[in-house]
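>>> need a structure here:
(one chain, ligands or ions: 2)
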Amino acid sequence: MFEPTTPRTQARTNRIGRHLPTSGGLKKTLRLAREQGLETIQIFVSNPQGWAVPAPLTDAGAFIEGAREIGLDPVVVHAKYLINLASPDAEHRERSARALAAELVAAGSLGAALVVVHSGSHAGSGEEKGMERLVEGLVRARELAPEEAGADGVAKLAEPLVENSVGAGTQLCSTFDALAWVAERAGVRVCVDTAHAYVAGHDLSTPEGARRVASELGGTLGERMALLHLNDPRNGLGSHRDGHERIGEGHVSREAWAEFFRGVPGVPAVMETPYATPETDAEQVRLVKELAGGLSLSR
Ligand SMILES: [Zn+2]
Ligand SMILES: [Zn+2]
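Ligands and ions are numbered 1, 2, ... in the order given. Got it, this is the predicted structure:
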């Protein structure tokens with residue numbers, strides 16, 4: 001009988017990118033993306049630490065065109081850190097939903113498909129209440145978005161992704177189960193931050209651990225996993241303290257990263273790691289591509 005031989009190596013399926021600054025203008029952002037060999041990027045469209053709404057963009061058309069030329073897909077926006085859709089304070093909740101709606105519009109007008117938003121915290125009002133509010137807030141933000149877009153509208157609104165937390169204090173969704181609960185009820189997909197997962201207690205630091213965590217992700221979130229925030233944890237397992245190191249410089253071994261990638265095929269990965277020199281940053285991207293299965297992307 002003829003037995004087809006399984007190929008020993010498979011082409012890489014995870015698109016690799018990183019968060020890039022926009023301070024020098026979007027043209028510069030695209031230049032950095034090209035120089036570093038990125039296949040996906042994440043940016044802010046407003047000050048993440050303030051409530052000011054995203055400023056109208058004059059060079060959106062050129063950015064969309066440039067991103068397409070480089071092949072950046074997806075383009076991701078990270079929403080404001082101030083947003084807390086789970087807040088017990090009704091005013092803060094509404095402000096958060098409006099702010100997220102504005103980001104969905106601004107991202108959409110830039111051709112960005114995804115907006116990552118933190119799961120927020122219940123601030124002492126209880127986890128169950130907090131999670132219900134978070135679900136309502138995600139629904140509300142999407143309802144508000146067309147209104148935020150105004151009369152001119154936007155070609156396509158971006159899709160919100162809810163991100164797992166480190167589980168500090170009253171933060172929600174530090175477990176994959178909680179994240180899945182919220183995502184299912186709100187009808188949204190998720191972003192999984194590997195550093196957050198680790199400090200929240202998911203041990204992916206060894207090849208066996210990484211295999212287990214990836215399979216847990218597949219089982220609990222599966223198709224809902226739209227993005228990875230690919231960060232090497234600076235702090236200890238279960239410490240609930242955030243901190244991002246460059247890949248290979250935190251608690252997760254290189255072998256573990258390679259194993260982890262095998263368990264999450266096709267999920268794009270965006271690093272939010274410290275910037276260094278352009279050369280070192282490009283080198284880091286190459287390393288991650290190698291760990292994810294090789295320099296060339298499968299078609
Ligand atoms: Zn985040
Ligand atoms: Zn983080």
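>>> going forward, measure contacts and count neighbours with C-alpha atoms only.
Fine.
>>> What's the separation between E216 and G222?
9 Å (C-alpha to C-alpha, to the nearest Å).
>>> same question but for E65, I mixed them up
According to C-alpha to C-alpha, E65 and G222 sit 32 Å apart.
>>> Same question for R12.
Distance check for R12 against G222: by C-alpha to C-alpha, it reads 19 Å.
>>> So which of these two has more stuff around it?
Neighbour tally, R12 and G222, criterion other C-alpha atoms under 10 Å: the higher count belongs to R12, 22 against 15.
>>> pLDDT at that one, what is it?
Among the per-residue scores, R12 shows a pLDDT of 96.
>>> same thing with V139?
In the predicted model, V139 carries a pLDDT score of 98.
>>> tally of neighbours for it?
Other residues within reach of V139 by the criterion other C-alpha under 10 Å amount to 17.
>>> For this structure, just list every one of the helices.
Using DSSP state H, the helices of the chain run over 26-35, 60-70, 90-109, 127-149, 176-186, 194-199, 207-220, 254-263, 278-291.
>>> what does the fourth one rub up against?
Contacts made with helix 127-149 from outside it, assessed by C-alpha atoms under 8 Å, 6 or more residues apart in numbering, are listed as 85-88, 93-94, 96-98, 100-102, 104-105, 119-122, 153, 157, 160, 170, 172, 182-183, 185-186.
>>> Can you say which of the residues you listed are buried?
A residue is treated as buried here by neighbour count (16 or more other C-alpha atoms under 10 Å); on that basis the buried members of the contacts of helix 127-149 are 85-88, 93-94, 96-98, 100-102, 104-105, 119-122, 157, 160, 172, 182-183, 186.
>>> pLDDT weak spots in this structure?
Under the criterion of pLDDT under 70, the regions of the chain flagged as low confidence span 1-10.
>>> Now do the contacts for the closest residue to H118 other than its chain neighbours.
Using C-alpha to C-alpha, 6 or more residues apart in numbering and skipping residues adjacent in sequence, the residue nearest H118 is E163, 5.1 Å away. E163 sits next to V116, V117, H118, S119, C173, L179, V190, C191, V192, D193 when contact means C-alpha under 8 Å, 6+ apart.
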